[in-house]
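> Sequence first, then the predicted structure, then my questions.
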Amino acid sequence: MAKEKELDGTLKDWESVFRQGLLTFWTFVALDAEWYDVASLKNRIKQLTNGTYDPADQTLYRQLRRHLDVGLVELRLESSPAGPPKKLYRLSERGRRVLEQFAYRNIQPFSQPEVQNVIERIQT
């Protein structure tokens with residue numbers, strides 16, 4: 001039982017680091033096809049990751065500002081019946097090219113037979 005708890009703790013630590021490192025990837029995947037405000041983007045990221053990643057709003061705001069500053073994300077203001085305009089974000093063409101290259105170089109290798117064998121072992 002103690003070894004199982006230790007294994008679970010190690011797995012949770014690894015997953016935490018893994019998810020944090022991939023926030024930009026999941027954000028870009030979500031913004032590739034749609035305009036999103038931060039709340040909707042957060043929900044889309046949770047959906048894409050099967051609920052395993054729930055980024056803080058403030059983290060998303062900081063990330064979007066950073067990507068907006070370097071031209072990877074576009075901003076559109078949409079009028080709101082009450083209050084200030086709604087900020088909507090979408091991946092820019094430059095951001096789309098970065099996403100495609102990142103996915104090819106870093107995500108595509110997950111389709112290798114050795115990796116698929118590891119994934120399939122847990123399903124049987």
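Yep, it's here.
> For Arg44, give its distance to Ser92.
Distance, Arg44 to Ser92, using Cβ to Cβ, to the nearest Å: 18 Å. (Glycine included, C-beta is placed from N, CA and C.)
> contacting residues around the nearest residue to Arg90 once chain neighbours are set aside?
Excluding the flanking residues, the one nearest Arg90 by Cβ to Cβ, 6 or more residues apart in numbering is Trp35, at 4.7 Å. Trp35 makes contact with 76, 88-90 under the criterion Cβ atoms under 8 Å, 6 or more residues apart in numbering.
> Please indicate which of those has the highest neighbour count?
With neighbours taken as other Cβ atoms under 10 Å, the top of the contacts of Trp35 is Tyr89, carrying 25 neighbours.
> list the contacts for that residue?
Counting by Cβ under 8 Å, 6+ apart, Tyr89 has contacts 31, 35-38, 41, 64, 68, 73-76.
> Could you pull out the strands in the protein for me?
73-78, 86-91 (DSSP state E).
> The residue nearest to Leu60 when sequence neighbours are not counted: neighbouring residues, count only.
Nearest residue to Leu60 in three dimensions, chain neighbours excluded: Val38, at 5.2 Å (Cβ to Cβ, 6+ apart). The local packing of Val38 (other Cβ under 10 Å) involves 19 other residues.
> Would you mind confirming that Val38 is in contact with Arg65?
No. The criterion here is Cβ atoms under 8 Å, and Val38 misses it with Arg65 at 10.9 Å.
> which of the contacts of Tyr89 sit farthest apart?
Val38 and Glu74 (14.7 Å; Cβ to Cβ).
> Contacts only, for Glu34.
Under the criterion of Cβ under 8 Å, 6+ apart, the neighbours of Glu34 are 44, 90.
> Scan the protein for its longest helix.
What stands out as the longest helix in the chain, according to DSSP state H, is helix 2-21.
> List the buried residues of stretch 72-83.
The neighbour-count check on stretch 72-83 (16 or more other Cβ atoms under 10 Å) flags 72-74 as buried.
> just curious, which of those residues is nearest to Pro113?
Distances from Pro113 to the buried residues of stretch 72-83, taken by Cβ to Cβ, are shortest for Leu72, at 32.9 Å.
> Can you pull out the low-pLDDT segments for the chain?
Across the chain, the ranges flagged by pLDDT under 70 are 1, 19-20, 124.
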